[in-house]
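**Student:** below is the sequence, then the predicted model.
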Amino acid sequence: GLLWTIRKHEAMIWPGVALFLYNATPSASAQLATYQFSALQSNACVLVHMRLISSVSTGLSCLLYPRLVPSGRRRTSITTRYGLVASSLLSILSTFMSLPLTSRRSSAGSSSSPTPCIDVGFTCLKEQTYFAITSAVSGMVTGLSLLPLLVIATQTSPNGTRKGLFYSVYLSLLDLGSSIGDWATTPIILALQIKYGDYGHSLTTGLSLLIFICGAARLFSLVVVYMMLRKIE
């Protein structure tokens with residue numbers, strides 16, 4: 001029956017389920033990109049520079065990752081699992097870096113324009129400088145978060161002629177999870193009344209609150225996926 005089939009092929013089924021669940025969580029990335037565009041739209045060159053900084057950082061993370069993974073399948077498997085946890089936590093923290101931007105108070109005499117200064121506690125940074133820092137960090141973390149997932153998809157694909165087939169299925173499940181996560185984000189955005197040009201001006205409203213919600217959802221999915229990967233090993 002169905003249960004016997006699942007039991008027989010669970011070594012191939014559970015990796016796909018884990019990869020799907022990891023990505024099937026709400027994400028604030030699209031809203032943060034829109035926020036950056038709305039804040040910097042008067043200077044198109046700066047927007048291009050931010051995209052370039054993010055892309056270069058992602059490329060550097062791809063070059064750095066192989067140096068962090070030891071040789072040997074068993075050691076690589078354990079390191080990949082821990083690497084997924086570490087990179088996921090860094091990903092959550094990197095989105096929290098946007099909170100000083102999204103929680104800024106309005107400028108004096110304006111109900112919508114935020115203050116141009118980003119208060120980071122010990123100093124005050126220009127808006128463009130802080131956007132550059134967050135772009136570099138998010139780009140680096142994006143690569144470090146994606147590569148462990150690809151390694152897991154490769155390691156758990158069965159050897160033989162079907163390895164490429166299962167690998168492509170696992171990647172499709174990653175993309176499907178990402179789509180489900182985007183759909184799940186939509187009602188949250190509507191509930192928080194986030195609109196273009198109106199992202200809130202405190203930690204408990206708008207985009208800032210969305211960042212906290214998405215971070216909590218990703219943390220929960222990470223715990224579930226981590227336990228599943230331990231069982232697969």
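**Tutor:** Nice, thanks for sending it over. As the structure is a prediction and not an experimental result, all values here were calculated from the model.
**Student:** any weak-confidence spans in the protein?
**Tutor:** 1-11, 69-79, 105-116, 232-233 (pLDDT under 70).
**Student:** next, the contact list for the residue nearest the centre of the chain, please.
**Tutor:** What sits nearest the mean C-alpha location of the chain, by C-alpha atoms, centre = their mean, is Ser91, with 5.4 Å. Applying C-beta atoms under 8 Å, 6 or more residues apart in numbering to Ser91 gives the contacts 141-142, 145, 218. To be clear about C-beta, it is placed using only N, CA and C from the backbone, and glycine gets the same treatment.
**Student:** which two among the residues you listed are spaced furthest apart?
**Tutor:** Spatial extent of the contacts of Ser91 (C-beta to C-beta) is set by the pair Thr142 and Arg218 at 13.5 Å.
**Student:** the chain: strands as residue ranges?
**Tutor:** 117-119, 124-126 (DSSP state E).
**Student:** can you check which of those gets nearest to Thr205?
**Tutor:** Using C-beta to C-beta, the nearest of the strands of the chain to Thr205 is strand 117-119, at 17.8 Å.
**Student:** run the chain-centre distance for the closest one.
**Tutor:** Relative to the centre of its chain, strand 117-119 is centred 24 Å away, using C-alpha atoms, centre = their mean, to the nearest Å.
**Student:** partner strands of that strand, with direction?
**Tutor:** Strand 117-119 has the following strand partners under DSSP bridges: strand 124-126 (antiparallel).
**Student:** what segments of this structure are helices?
**Tutor:** 2-8, 10-23, 29-40, 44-68, 73-96, 99-102, 127-156, 163-192, 206-232 (DSSP state H).
**Student:** so can I have CSV of those helices showing distance to Tyr199?
**Tutor:** Shown next, in CSV, are the helices of the chain (distance: least, C-beta to C-beta, whole Å):
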stretch, distance to Tyr199
helix 2-8, 44
helix 10-23, 24
helix 29-40, 6
helix 44-68, 17
helix 73-96, 14
helix 99-102, 6
helix 127-156, 14
helix 163-192, 9
helix 206-232, 4
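**Student:** let me know which of those is the nearest to Gly200.
**Tutor:** Using C-beta to C-beta, the helices of the chain put helix 206-232 closest to Gly200, at 2.1 Å.
**Student:** show me which residues of the closest one are buried.
**Tutor:** Residues of helix 206-232 classed as buried by neighbour count (16 or more other C-beta atoms under 10 Å): 206-215, 217-218, 221-222, 225-226, 228-229, 232.
**Student:** same question for stretch 94-102.
**Tutor:** Quick answer for stretch 94-102 (16+ other C-beta under 10 Å): 94-95, 97-98, 100-102.
**Student:** from the residues you listed, which is closest to Val137?
**Tutor:** The closest of the buried residues of stretch 94-102, once distances to Val137 are taken by C-beta to C-beta, is Ser94, at 5.0 Å.
**Student:** any idea how far that closest one is from Leu101?
**Tutor:** Distance, Ser94 to Leu101, by C-beta to C-beta, to the nearest Å: 13 Å.
**Student:** repeat that for Ile92.
**Tutor:** The value you get for Ile92 to Leu101, if C-beta to C-beta is used, is 16 Å.
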